[in-house]
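A.B. asks: Mind folding the following:
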Amino acid sequence: RAELARATTNLQDTELFAPQDGVVLTRVHEIGAVVQGGQTVYTVTLNNPVWIRAYVTQPNLGNIRPGQEVLLSIDATPDKTYRGRIGFISPTAEFTPKTVETKEVRNDLVFRFRVIADDPDNVMRQGMPVTVTLRKDGAVSPSPQAVIRLQGVSKVFPDVPPGTPPALSSLTADVPSGLVVGLVGPDAAGKTTLMRLLAGLLLPTSGSVEVLGRVPGSEASDEAVHDVGYMPQRFGLYEDLSVIDNLNLHAELRGLEGPARQAMFEKLLTFTALKPFTDRLAGKLSGGMKQKLALACALLTTPRLLLLDEPGVGVDPLSRRELWKMVSELAVGGMSVLWSTAYMDEAERCAHVLMLDQGSLVYQGPPAGFTGRVAKRVFSFVPPSGEARAMLARWQQEPDIRDALIQGNRIRVVLRNPHDGPFSRKGVELHPVEPRLEDAYIDAVGGMDQRPSPFLPVSGRGGAEDPGEGRGNFSGERLSPSLPRT
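C.D. replies: Okay, here's the model as predicted:
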């Protein structure tokens, strides 16, 4: 029996399992070869979704963004146009590959990006040249079916003090599939409550919630529990277990067994760069590595929807960037991701955002559409030396100023009304600057709190200058005290 068990184990070690159905492109090793763990044996192209590798020149990089709709055409069907949407955009430049035979741009600096193609006729094949055309209106591709539907959703918790606003108030929204969608707002905006509703851990007080066409927490939803991966805000794994023990525990709970489990472990440990740390206790991991382990556990069953509750909190900037890169690659592969955050730089990277404030929906749609609301209203000026803090305090009291903050050696202001070009005011020259998502958000929630701060002088010199960036008003009641500045 022992010999039979050993032979069976050895046989399982020789079996290869691809994570998804596809077509073998290359075989690196011949049958019978002995290879070390982690080496590539086959490369496989996935059948679904169909994606296209394309390149954009550096001057045109600003014309593309994730989620943007494009038009596709191929030589096999010259009279027909297909639709697609931009997924991953490379952060690094490269020289145009030799396979791009346009002489004028062969030596230009370009950026690689991927397009997820809608191919209902199943005519696109590996290596086939495709012409990618950007739509002039820059539209974001609408999803054929929303992955999340909210209709009048409210949530009121019992035993809260009288006068406390509801955690969520009459939310109605559709979340498109196949994109990284940002759920954006400060602390107490309702992000975690909504995440728990979507995961089936809470029920709404009123309204309806649909996730992948099912009601979370219902019997129909229980049948598709593996379709949703949830990564909570706080690290919820066992810190006294090792990395591999945590993975094994979650695999057991989800019914992932045998060779399929080992294949998935190999894939996830490589994907998260945790392979060298499998024996380390989870409690001994850094903040970024803990988030990667939690992400790996959420991906064990390859969910269609991934819920990430503020994954960038408490990790260093490099780890936050690595997490974003990993999640972006998942979206390119067709997975839908809802990423909650209070950081506006993360929100601006999303193809679609839901902006919350005190449980209410402020905006839904592409970030650029929200930022456009404060066009021609954002200006900056250089204050006299040593007077930045005092001048900031005075500008914050102006009735037509929606927001004001120190940014480097300048003061940045958001006006109530638009203004064309530079102009002078109060002895300084104001110059227009590009609006940011944060500017639009502060304006949408009513602007900054204009009550005088006891920590800032209203007149006289401001004392020693702080070279960093700050709001200069610490008594705000709305978003401003809790929204991280980036």
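
A.B. asks: hmm, which helix or strand of this protein has the shakiest average pLDDT?
C.D. replies: Using mean pLDDT, DSSP states H and E, helix 219-223 stands out as the lowest-scoring helix or strand of the chain, at a mean of 55.

A.B. asks: What's the first helix or strand after that one?
C.D. replies: Counting by DSSP states H and E, the next helix or strand C-terminal to helix 219-223 is strand 228-231.

A.B. asks: For residue 379, which residues count as its bridge partners?
C.D. replies: With DSSP bridges as the criterion, residue 379 is bridged to residue 413, residue 432.

A.B. asks: Please work out how many residues are found near it.
C.D. replies: Number of residues near residue 379 (other C-beta atoms under 10 Å) recorded here: 22. C-beta coordinates here come from the backbone N, C-alpha and C atoms, glycine included.

A.B. asks: ok, residue 169 touching residue 356?
C.D. replies: No: with contact defined as C-beta atoms under 8 Å, residue 169 does not reach residue 356; the gap is 9.8 Å.

A.B. asks: So which of the two has more stuff around it?
C.D. replies: Neighbours were counted for residue 169 and for residue 356 using other C-beta under 10 Å; residue 356 has more, 27 against 19.

A.B. asks: What count of nearby residues applies to residue 215?
C.D. replies: The burial count for residue 215: 15, using other C-beta under 10 Å.

A.B. asks: just residue 288 next, same as before
C.D. replies: 20.

A.B. asks: Residue 306 should be in a helix, yeah?
C.D. replies: No: Residue 306 sits outside any helix when classified using DSSP: H, G, I helix; E, B strand; the rest coil, being strand.

A.B. asks: From what I see, it and residue 329 are in contact.
C.D. replies: No: Residue 306 lies out of contact with residue 329 (C-beta under 8 Å); the separation is 11.9 Å.

A.B. asks: Give the residue from these two that has the larger number of neighbours.
C.D. replies: residue 306 (22 against 14).

A.B. asks: Any idea what the more buried one is bridged to?
C.D. replies: residue 229, residue 337.

A.B. asks: Contacts only, for it.
C.D. replies: By C-beta atoms under 8 Å, 6 or more residues apart in numbering, residue 306 lies in contact with 228-229, 231, 298-299, 327, 330, 335-338.

A.B. asks: The same query, at a cut-off of 7 Å, please.
C.D. replies: Shown in contact with residue 306 (C-beta atoms under 7 Å, 6 or more residues apart in numbering): 229, 298, 330, 335, 337.

A.B. asks: Roughly how far does the fourth one sit from residue 303?
C.D. replies: Residue 335 sits at a distance of 7 Å from residue 303 (criterion: C-beta to C-beta, to the nearest Å).

A.B. asks: Kindly report the same for the first one.
C.D. replies: Counting by C-beta to C-beta, the separation of residue 229 from residue 303 is 4 Å.

A.B. asks: do the same with the third one
C.D. replies: Residue 330 sits 9 Å away from residue 303, going by C-beta to C-beta.

A.B. asks: So residue 27 sits against residue 42, correct?
C.D. replies: Yes: taking contacts as C-beta atoms under 7 Å, residue 27 lies within contact range of residue 42: 5.5 Å.

A.B. asks: Show me where the stretch 201-350 of the chain dips below the pLDDT cut-off.
C.D. replies: 219-225 (pLDDT under 70).

A.B. asks: What segments of it are helices?
C.D. replies: 219-223, 243-253, 258-272, 287-298, 317-332, 344-349 (DSSP state H, counting those that start in this stretch).

A.B. asks: So which of the ones you listed is nearest residue 77?
C.D. replies: Nearest to residue 77 among the helices of the stretch 201-350 of the chain is helix 317-332 (24.6 Å), distances taken as C-beta to C-beta.

A.B. asks: list the helices and strands that closest one packs on?
C.D. replies: strand 82-95, strand 180-184, helix 287-298, strand 336-341 (3 or more C-beta pairs under 7 Å, 6 or more residues apart in numbering; DSSP states H and E).

A.B. asks: And the longest one, what does it pack against?
C.D. replies: Under the contact definition 3+ C-beta pairs under 7 Å, 6+ apart, strand 82-95 sits against strand 69-73, strand 109-117, helix 317-332.

A.B. asks: Now tell me what touches the last one from outside.
C.D. replies: Think helix 317-332. Identification of contacts with helix 317-332 by C-beta under 7 Å, 6+ apart yields 51, 87-88, 114, 116, 178-180, 271-272, 287-288, 291, 295, 306, 308, 311-312, 337, 339, 349.

A.B. asks: hey, which of the helices and strands packed on strand 82-95 is tucked in deepest?
C.D. replies: Stretch with highest mean neighbour count among the helices and strands packed on strand 82-95: strand 109-117 (a mean of 20; mean count of other C-beta atoms under 10 Å).

A.B. asks: what packs against that one?
C.D. replies: Against strand 109-117 (3+ C-beta pairs under 7 Å, 6+ apart) you get strand 50-57, strand 82-95.

A.B. asks: Apply 8 Å and report the result again.
C.D. replies: Strand 109-117 is packed against strand 50-57, strand 69-73, strand 82-95, with contacts defined by 3 or more C-beta pairs under 8 Å, 6 or more residues apart in numbering; DSSP states H and E.

A.B. asks: Sheet-wise, list the partners of the helix or strand just after it with their directions.
C.D. replies: As assigned by DSSP H and E, the chain's next helix or strand after strand 109-117 is strand 131-134. Using DSSP bridges, strand 131-134 pairs in its sheet with strand 69-73 (antiparallel).

A.B. asks: what's the distance between residue 338 and residue 366?
C.D. replies: 16 Å.

A.B. asks: Is residue 283 in contact with residue 235, as I believe?
C.D. replies: No: counting by C-beta under 8 Å, residue 283 sits too far from residue 235 to count as a contact (9.2 Å).

A.B. asks: Could you check which of the two is surrounded by more residues?
C.D. replies: residue 235 (17 against 13).

A.B. asks: Isn't that one up against residue 294?
C.D. replies: Yes: contact criterion C-beta under 8 Å: residue 235 and residue 294 qualify, at 6.3 Å.

A.B. asks: Could I get the contacting residues of the residue nearest to residue 63 when sequence neighbours are not counted?
C.D. replies: Distances taken as C-beta to C-beta, 6 or more residues apart in numbering put residue 134 closest to residue 63, at 6.2 Å, once the chain neighbours are dropped. Counting by C-beta under 8 Å, 6+ apart, residue 134 makes contact with 63-64, 68, 70-71.

A.B. asks: If we use 10 Å, what do you get?
C.D. replies: 56, 60, 63-64, 68-71, 86 (C-beta atoms under 10 Å, 6 or more residues apart in numbering).

A.B. asks: try residue 297
C.D. replies: Residue 297 touches 229-231, 236-237, 243, 246-247, 249-251, 253-254, 268, counting by C-beta under 10 Å, 6+ apart.

A.B. asks: Residue 131 now?
C.D. replies: Here residue 131 is in contact with 52, 54, 70-75, 78, 81 (C-beta under 10 Å, 6+ apart).

A.B. asks: Which residue in the residues you listed has the weakest pLDDT?
C.D. replies: Among the contacts of residue 131, residue 78 carries the lowest pLDDT, at 74.
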